[in-house]
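Engineer: Quick check, what structure comes out for this input:
(chains A, B and C)
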Amino acid sequence: MTMAGPGGAGGARVQIEGVHKAFGLDGRSTPALIDVSLEVQAGELLCLLGPSGCGKSTLLNIVAGFIPPTRGRVRVDGAPIAGPGPERGVVFQEYALFPWLTVAQNVEFGPRLMGVPAARRREVVARYLDMVGLSEHATKFPVQLSGGMKQRVAIARALANNPSIVLMDEPFGALDAQTREVMQEELSRIQRVEHKTIVFVTHSIREAVYLADRIVVMTSSPGRVKDVFTIKLPEARDRFAAEFTRYESEITRVVKEEVAKVRE
Amino acid sequence: MSTVTDLVQWGLRGAPLPRRRALALRLGAVLAFLGLWSLASGLVVLLGLFNPIFLAGPWRVLGKVAALAVNGQLWGHVAATLERVAVGFATGAVLALGLGLPAGHFRLVRNLLEPIVEILRPVPPLAMLPLFIVWVGIGETSKIAFITYATFFPMFLTTVHAVQHVDPLLLRAATSLGARRARLFFRVVLPAALPEILTGIRLGVALSFFVIVISEFIGAEEGLGYLINDGRNFFLVEQMLGAAIVLGFLGYGGNGLVVLLERRWLRWERPPTS
Amino acid sequence: MIRAAALAGALTVWALVAYGGRALGLVNPVLMPTPGEVVEVAGTLARDGSLAQHLAVSSLRIAEGFGLAAAAALGLGLLVAVYTPARLMLEPVIEFVRPIPPLAFLPMFLVWFGLGETSKVAFIAYTTFFPMFIGIAAGLGRVDVMMLRAASSLGASRRELLRRVALPAALPSIVVALRLGFGLAIFVIVGAEFMGADAGLGNLIMEGRVFFNPAQIVMGALLLGLLGSLVNGLLQAAERRVLRWRALG
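Structural biologist: Residues are numbered from 1 along each chain as shown, chains lettered A, B, ... in the order given. Now for the predicted structure:
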C-alpha cells in the first residue's frame, strides 16, 4: 500500500527506477527484465509493446505489486510500493471476475471492502455499469456473459474503485477481432471522459497506436527499453488516416528487429 | 504465514521452498511424528493414565513386527490376507470387465443390468457381509465372495462409464477409416476407455484391502485382520498397530502394481520428457 | 424417472427370484428373504419403536463423527494453505497413515475408548477426516492466483483475501470433499457397529446374522442405503443452491 503524496518531477505519477527482475530457484536464474527506468505522466495512456517474452507483463506485475523486483523500485505518487493496493487497479487478460458474485456485486467489490455505505455503492455501480453499457445485466453471473461483456465488467470493477492508476495486461487479447476493435473504441471513449493514468500492455501495434499517448517498445528477452514513441494524434483516432499508418509502419519496423532476434 | 504479497505471487500453495529446506522439513516432520508417538506412549506409562499397553511406542511396534517376521508367523498371516484379496479382487475384476464392457457398448445389456445395480449401489457393501456369512458360512469362500461383491460395483460402474463415454469423434474417425464392429471395439473403444478402466481397477484394489480387514475380524484364524482383532483380546496394542501398518504397506504395494501396469499400457498418455 | 423404473424392475426381479425360487423348491427359504418378509421385519421393529431408535443412534454417530472431522478438515485445510511449512510437515505423516485401511484401526479405537458411543464417533471422525482434509487442502491450493491478484488490487487485506476470495472460490471442491466424506461415513458406520455395539443399524444387521434372520439383514442394509441416498440427495440439493452460479449459462 502507498500513501498518496505529491507527484514526482513534472507530474509523473509512476516512477519505475532501475528495475531488474530475474526468476529462479536453487541457484539457477533467468533474467526477465534488465535496468528498466520509466515515468508515467498523470492522465496519459502509456503502452508497453514488444514481442512475446519481452517481459512487458512482468513489468506490469511488478508495478501492480504482484511480484517484487530483484533490484530497483517503483514509486507511485512519490512513495515506493510494497505490494498490491487499491490505488493501482488492474484489468487482466483472463478477466478474473469472481464467478460466485453477480455483475453488480463484482463491480462493488472494491467499494464494499472500503466500507462505502450501500446506497452510495449502488450509485457507483450504476454509474460504471452505465459507462460500459451493461446496466441491464447487473444481476447476471459472469458465466452468463460473453468475453467482451466480461471484460467490460472487469473494467467497470477496476474503475469503480477509483484508482489513481489503471494497469491493463493485454485486456483484449482473449477477444475476437471485431469485439477487440469495439472494446478499443470503448476504452478510448472512457479515457476521454475519465482521464485516468493507464499503463497498457499489448503485442498489437495497431492497438497501441490507436490507444496510446506514448508507446514504449521493449527488446526481446531479457527485456530492456528499446525505444519510446510519442503519438501525436487527435484523441478520437482514425485507423485509416495517413498519420496513423505512418506511426504503425515505423513502429512495426522497430518491433520486427526485435522479433527477428527471438527467432534466432 | 502467507502475507498478501505471498498470496498474490504463489496462491494458496505457498512459495516453492528450496529443495534442501523442503527436505529438511519433511524429515523433521517424520522425526517429530515418531518422537511425539514415543513421547505419548512413554507419558502414558509414566502418568499411569491407562493401562500402559494401551499405546505402544514405535519401537515396540517395530519390534513386534520383526519378531513375528523372524519366527515365520507373520508370513502366514500375510499370505492368508493376500490370497483372499487376490482371489476376491481378481474375480470381481473379471466379472466387472466381463459384464461392464458389453454393458458399456450395448444398450440392451445396460438396460438389463441397470435395475439390479441401481438398487444395490447405495447400500454399503459392508452391510451385506453378514448375509454372505449366512449364505456361505464362516469360511474362506464367504470372505472371498464378499470381496468380489464389494469390488464389483465400483469397477463395473467405471468400466461402463468409460466405454460409454469414449469420445464419439474418435469413433467417427475410425469408422471413416473403415473399422467395423469387433475391430472398432478392440482397436478403438478399448484403448480409449483403458485409462478410466484402470483407474477403476486401482479403486478396486484399494477397496479390497479396505474391506478385507473387517471380514477377517469375524471368523478367521489367519490373516492380518485376524491379528488385529486378536490383539484386542489381550490388549496387544503393538500387535494391532503392527499388523495395521503391514496392511498399509500391502495396500500401497498393490496400488503400486496397478500404477506400473498403467505406465506400461498407457505409455501413449505421457509425452516424452525432453 | 429412469431410476424409479429401474428400482421397480429390481424389485420385480427380486420378487421373482425369491418367490419363484421358493415355489420351485430351488432356493432354501432361509437364505433368500422375500420382499414381503423384509417389509414384515421392518414393520415389527417400527411398531415397537426400536427401528426409529436404531436409526437415530446410527444417524447421531455419523452426524457427530462427520461433523467433528469436517470442522477439523476445514480448519487444518485452511492452515495448511496459508502456512507452507505446515503442509510440508503434515504431508509425510499423512502419506504414511493414508494407505492403512481405517477399519484396521477399529479394534484399536475399541481398546482406547471402550465399547461406548465415543469409540464409534471417534472412529467415524478418524475415517472421514483424512480424505476430506486432503480434498479441501487441494481445493484451496487450486484457487486461481488471478482472483487473489484481482481482489488485492481492489484493496483486500490478507484476511479478506481468504474469507472473500479463497473460500468462495474453493467452495465447489470443499463441497465435493464433504460429500465424499459423508459417503465414507455411511460406508464405515456398519462396520463400526458390527463390533461391540448394542444399538444402531449395524448392530441390527449383525443380529440378523446371529439369529439367522436374513430378512433382518437385508432390511437393515436397504434402510442404510436409503438413509445414505436421502442425505446425499439433500446435500446435493444444498450444493446446487449454494453453487447456484455454476449452473447458469
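Engineer: any idea what A:Pro86 is structurally, helix, strand or coil?
Structural biologist: coil (DSSP: H, G, I helix; E, B strand; the rest coil).
Engineer: Which other helices and strands does the lengthiest helix in chain C contact?
Structural biologist: Counting residues, the longest helix found in chain C (DSSP state H) is helix C:50-82. Where contact means 3 or more C-beta pairs under 8 Å, 6 or more residues apart in numbering or on different chains; DSSP states H and E, helix C:50-82 is packed against helix C:35-47, helix C:84-97, helix C:117-141, helix C:167-194, helix C:201-210, helix C:214-242. Every residue, glycine included, has its C-beta placed from N, CA and C.
Engineer: so where is the chain shaky, pLDDT-wise?
Structural biologist: Picked chain A for this. Along chain A, the model assigns pLDDT under 70 to residues A:1-11, A:26, A:262-264.
Engineer: oops, chain C please
Structural biologist: If you take pLDDT under 70 as the line, chain C has these spans: C:1-3, C:26-30, C:249.
Engineer: what do you get for the stretch 1-150 of chain B?
Structural biologist: For the stretch 1-150 of chain B (pLDDT under 70), the answer is B:48-53.
Engineer: Can you show me the helices along it?
Structural biologist: Counting by DSSP state H, counting those that start in this stretch, one finds helices in the stretch 1-150 of chain B at the ranges B:4-10, B:19-46, B:58-70, B:73-105, B:107-120, B:129-136, B:140-164.
Engineer: just chain A next, same as before
Structural biologist: Applying DSSP H to chain A gives helices spanning A:56-64, A:103-107, A:109-114, A:118-131, A:147-160, A:177-194, A:205-211, A:242-263.
Engineer: Turn these into CSV, columns for distance to B:Ala193 and mean neighbour count.
Structural biologist: Shown next, in CSV, are those (distance: least, C-beta to C-beta, whole Å; neighbours: other C-beta atoms under 10 Å in any protein chain shown):
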stretch, distance to B:Ala193, mean neighbour count
helix A:56-64, 41, 24
helix A:103-107, 41, 25
helix A:109-114, 44, 20
helix A:118-131, 48, 16
helix A:147-160, 34, 24
helix A:177-194, 40, 16
helix A:205-211, 46, 23
helix A:242-263, 43, 14
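Engineer: Nearest to B:Gly63, out of these?
Structural biologist: helix A:56-64 (56.3 Å; C-beta to C-beta).
Engineer: ok, the closest one near chain B or not?
Structural biologist: No: using C-beta under 8 Å from any C-beta of the partner chain, helix A:56-64 stays clear of chain B, coming no nearer than 8.5 Å.
Engineer: again, but for stretch C:205-225
Structural biologist: Yes: on the criterion C-beta under 8 Å from any C-beta, stretch C:205-225 is in touch with chain B at C:205-206, C:208-209, C:212, C:214, C:217-218, C:220-222, C:224-225.
Engineer: now, the most widely separated pair of these?
Structural biologist: Among the residues of stretch C:205-225 next to chain B, C:Phe212 and C:Gly225 lie farthest apart (C-beta to C-beta), at 22.3 Å.
Engineer: which of these two has more neighbours?
Structural biologist: Set C:Phe212 next to C:Gly225 and count neighbours by other C-beta atoms under 10 Å in any protein chain shown: C:Gly225 wins out with 18 against 11.
Engineer: How far away from the center of its chain is stretch B:20-28?
Structural biologist: 28 Å (C-alpha atoms, centre = their mean, to the nearest Å).
Engineer: For that stretch, buried residues please.
Structural biologist: Neighbour counts over stretch B:20-28 (16 or more other C-beta atoms under 10 Å in any protein chain shown) mark B:25-26 as buried.
Engineer: Now tell me what touches that stretch from outside.
Structural biologist: By C-beta atoms under 8 Å, 6 or more residues apart in numbering or on different chains, the residues outside stretch B:20-28 that reach it are B:17, C:85, C:88-89, C:91-92.
Engineer: For the residues you listed, give me a markdown table that also has neighbour count and distance to C:Gly139.
Structural biologist: Converted to a markdown table, the contacts of stretch B:20-28 look like this (neighbours: other C-beta atoms under 10 Å in any protein chain shown; distance: C-beta to C-beta, whole Å):
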| residue | neighbour count | distance to C:Gly139 |
| --- | --- | --- |
| B:Leu17 | 16 | 22 |
| C:Pro85 | 16 | 20 |
| C:Leu88 | 20 | 19 |
| C:Met89 | 19 | 20 |
| C:Glu91 | 17 | 16 |
| C:Pro92 | 18 | 21 |
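Engineer: From these, pick the one nearest B:Leu99.
Structural biologist: Ranked by distance to B:Leu99 (C-beta to C-beta), those are led by C:Glu91 at 39.1 Å.
Engineer: Quick check: residues of chain C near chain A?
Structural biologist: Proximity of chain C to chain A (C-beta under 8 Å from any C-beta) is limited to residues C:144, C:146-147, C:149-156, C:160, C:164-165, C:168-169, C:171, C:243, C:245-246, C:248-249.
Engineer: Go through these and flag which are in strands.
Structural biologist: The members of the residues of chain C next to chain A all map outside strands under DSSP state E.
Engineer: For the residue lying closest to C:Leu184 once chain neighbours are set aside, give me its contacts.
Structural biologist: What sits nearest to C:Leu184 in space, not counting adjacent residues and going by C-beta to C-beta, 6 or more residues apart in numbering or on different chains, is C:Thr128, at 5.3 Å. Contacts of C:Thr128 were listed using C-beta under 8 Å, 6+ apart, and they are C:65-66, C:69-70, C:73, C:181-182, C:184-185, C:188.
Engineer: how about 7 Å then?
Structural biologist: By C-beta atoms under 7 Å, 6 or more residues apart in numbering or on different chains, the residues touching C:Thr128 are C:65-66, C:69, C:181, C:184-185.
Engineer: farthest-separated two in the contacts of stretch B:20-28?
Structural biologist: Using C-beta to C-beta, these reach their maximum pairwise distance at B:Leu17 and C:Pro92, which is 14.5 Å.
Engineer: Now a PyMOL select for only the buried ones of the residues of chain C next to chain A.
Structural biologist: Burial among those is assessed by 16+ other C-beta under 10 Å; the matching PyMOL selection reads:
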select buried, chain C and resi 146+147+149+150+151+152+153+154+155+156+160+164+165+168+169+171+245
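Engineer: related to what we said a few turns ago, possible to save the helices of the stretch 1-150 of chain B as a markdown table with distance to A:Ala138?
Structural biologist: Shown next, in a markdown table, are the helices of the stretch 1-150 of chain B (distance: least, C-beta to C-beta, whole Å):
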| stretch | distance to A:Ala138 |
| --- | --- |
| helix B:4-10 | 28 |
| helix B:19-46 | 47 |
| helix B:58-70 | 61 |
| helix B:73-105 | 46 |
| helix B:107-120 | 44 |
| helix B:129-136 | 57 |
| helix B:140-164 | 41 |
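Engineer: So which residues on the stretch 1-150 of chain A come close to chain B?
Structural biologist: Counting by C-beta under 7 Å from any C-beta of the partner chain, the residues of the stretch 1-150 of chain A close to chain B are A:25-26, A:66-68, A:83-84.
Engineer: from those, which are also near chain C?
Structural biologist: Checking the residues of the stretch 1-150 of chain A next to chain B against chain C (C-beta under 7 Å from any C-beta), the matches are A:66, A:84.
Engineer: so which pair among the residues of the stretch 1-150 of chain A next to chain B is furthest apart in space?
Structural biologist: Pairwise distances across those peak at 27.1 Å for A:Asp26 and A:Pro84 (criterion: C-beta to C-beta).
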